[in-house]
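> what's the 3D shape of this:
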Amino acid sequence: MRTAPIISEEMRLVEEEIARNCVSGADLVNSVSSYIAGGGGKRLRPSVLLLSSGLCGLEEGDGRIACAAAVELTHIASLLHDDVVDNASMRRGRKSSNAVWGNKSPVLTGDMLLIRAMNLILSCGDMKLAGVYCAAAERMIEGEAFEVMGGKEMLEMDESSCMRIITEKTASLIECCAVMGAMLAGEANGRAEALAGYGLNLGIAFQLADDALDYCSTTEELGKDCGLDIENARMTLPLLKAISNAPSRVRADFEKELRRAVTADFTMPGFAAPIKRFVADYGGVEDTFERAKSHIAKAKKAISSFPSGNYKDSLLTLADFAAERSH
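From the prediction side, this is the model:
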C-alpha cells in the first residue's frame, strides 16, 4: 500500500518513532522488535489516524505522531502474538519471528511493544484518548480469544460468530484510529462518530478481503503463510458461504468429511486442497469479496458529509484498496 502523499512526511516521523520504541536493553527483545518492525507492512492504522485528524483540521503536532506510532506498535505486537498462536512460519515475505527465535521471545517482545504503545498514548496527556485506546486493545484480545475458542467448534460457527471475531480482532483498532484522529483534532462527538463508522467498516472489509485471500492467493503473493485458517480449523466467511451455497447432498457429505478432519486435528492426508477446491467451486471467495465491498460502501457513506479535499480523497482511496487488494 502506497502512503498517501499528503501524509508522507508525517509517516516518515512515525517510522522514526516506531524504530525508537523498538529499542530495548534486552538484546534478544531488541532483535525481535527491530526484525518485525523493519519488515515493512501496509501501515494502514497510522494512515487512518493521520488522515482522520487531517480531515478534522489537525495537520501537525507531536500527538499525531505519537498516537500513529502507538497504534502501529499495537498492531505489530498482535502479529507477534498471532504468529505464535498460529505456529506461522512466514510474515511479510520472510521467516516469522517465532520461526527464528522460538515462541518465548516474540511473546515477551509483543508485551513490551504494547507497554511502549500505551506510554506514547499517555504522553499526549488526554485520559479520554487513553480510554478509547484501552477499550480497543481489550476488544482485540477478546477477538483473538473468540477465534482460538472457535477452532474447537469449527462447524458450530455461524456468520454472526465470524463477524464478531472480525469486528473485535481487526476492525476495533482501525475504528479506534479514526476516532483518535478526530479526538486529537478536538472534534465533537458527531464527527468522531462518523469517522468511527468509517474505521469500523474499513476494518471489517480489510479482514474479509484477508480471509478471502487466504483461500485464493499463495504464500509468495501474500508474503505470509497461506491456508492458516484451514490449518487452524477456523471457520471464516469464504468457507461458510461455500457451505451455504452448495447443494444439500454435497453440503452434507462435505460437512461429514470436515467434521472427521477437525476431530483428527486436520491430520487427514491432503485435506486442505479439497477444502480450497470446495470454496472455489461454490463461490465462497467471490461472496466474501462482495461482502467486503458492501462494507466499503458503508465506510465511504460514513464520511460523505465531510467537505471534499485531499484528506477525504485519500480516505476514500484507502477504502477502495482495502477491498480490492491482492496481498
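> my guess is residue 96 meets residue 89, correct?
Yes. Residue 96 is within contact range of residue 89, at 5.8 Å (criterion: C-beta atoms under 8 Å). No exception for glycine: its C-beta is placed from N, CA and C like everyone else's.
> higher neighbour count, these two?
residue 96 (25 against 15; other C-beta atoms under 10 Å).
> got the phi/psi numbers for the more buried one?
phi -70, psi 160 (degrees, to the nearest 10).
> how close does it sit to residue 30?
18 Å (C-beta to C-beta, to the nearest Å).
> and residue 38, how close does it get to residue 97?
Per C-beta to C-beta, residue 38 is found 11 Å from residue 97.
> intersection of neighbour lists for the two?
Residues touching both residue 38 and residue 97 by C-beta atoms under 8 Å, 6 or more residues apart in numbering: none at all.
> compare those two (neighbour count), which wins?
The residue with more neighbours, out of residue 38 and residue 97, is residue 97; 26 against 13, by other C-beta under 10 Å.
> other SSEs contacting the helix or strand harbouring residue 49?
According to DSSP states H and E, residue 49 maps onto helix 44-55. Other elements packing on helix 44-55 under the criterion 3 or more C-beta pairs under 8 Å, 6 or more residues apart in numbering; DSSP states H and E are helix 8-20, helix 62-86, helix 172-184, helix 189-216, helix 310-324.
> in that helix, what counts as buried?
44, 45, 46, 47, 48, 49, 50, 51, 52, 53, 54, 55 (16 or more other C-beta atoms under 10 Å).
> ok, stretch 8-24 next?
Buried-residue list, stretch 8-24, by 16+ other C-beta under 10 Å: 10, 11, 13, 14, 15, 17, 18, 21, 22, 24.
> where do the helices of the stretch 101-250 of the chain begin and end?
104-122, 127-150, 159-166, 172-184, 189-216, 219-222, 228-231, 237-245, 248-263 (DSSP state H, counting those that start in this stretch).
> now the fifth one against helix 237-245, angle please.
When you say that, I think you mean helix 189-216. Helix 189-216 runs at 70 degrees relative to helix 237-245, counting by axes from the mean of the first three to the mean of the last three C-alpha atoms, to 10 degrees.
> run the angle between helix 189-216 and helix 310-324 for me.
Taking the same axes, to 10 degrees, one finds helix 189-216 and helix 310-324 inclined to each other by 30 degrees.
> before we move on, back to that, with respect to residue 231, which of the buried residues of helix 44-55 is nearest?
Comparing the buried residues of helix 44-55 against residue 231 with C-beta to C-beta places residue 44 closest, at 25.0 Å.
> got a pLDDT number for that closest one?
Confidence at residue 44, expressed as pLDDT, is 95.
> any idea how far it lies from residue 273?
Using C-beta to C-beta, we find residue 44 at a distance of 31 Å from residue 273.
> residues touching residue 122, list them.
residue 130.
> relative to residue 109, how far out is it?
For residue 122, the distance to residue 109 equals 20 Å [C-beta to C-beta].
> ok, residue 65 next?
22 Å.
> more crowded one of these two?
residue 109 (29 against 22).
> can you give me phi and psi for residue 95?
Dihedral angles (degrees, to the nearest 10) for residue 95: phi -60, psi 140.
> I'd assumed residue 89 was in contact with it.
Yes. Under the criterion of C-beta under 8 Å, residue 95 makes contact with residue 89 at 6.7 Å.
> which residue sits closest to residue 89, ignoring its sequence neighbours?
Nearest non-adjacent residue to residue 89, counting by C-beta to C-beta, 6 or more residues apart in numbering: residue 99, 4.8 Å away.
> wait, residue 24 touches residue 108, no?
No. With contact defined as C-beta under 8 Å, residue 24 does not count as touching residue 108 (9.7 Å).
> rewinding a little: CSV please, covering the buried residues of helix 44-55 and showing distance to residue 207.
Formatted as CSV, the buried residues of helix 44-55 follow (distance: C-beta to C-beta, whole Å):
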residue, distance to residue 207
44, 11
45, 13
46, 18
47, 16
48, 14
49, 18
50, 21
51, 19
52, 19
53, 23
54, 25
55, 23
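> pick the one among the residues you listed closest to residue 218.
So of these, ranked by how close each gets to residue 218 (C-beta to C-beta), first place is residue 44, at 21.7 Å.
> picking that back up, where's the residue nearest to residue 89, which helix or strand?
Short version, using DSSP H and E: residue 99 is in helix 97-101.
> report the buried residues of that helix.
Per 16+ other C-beta under 10 Å, helix 97-101 contains these buried residues: 97, 98, 99, 101.
> from the residues you listed, pick the one nearest residue 190.
residue 97 (41.9 Å).
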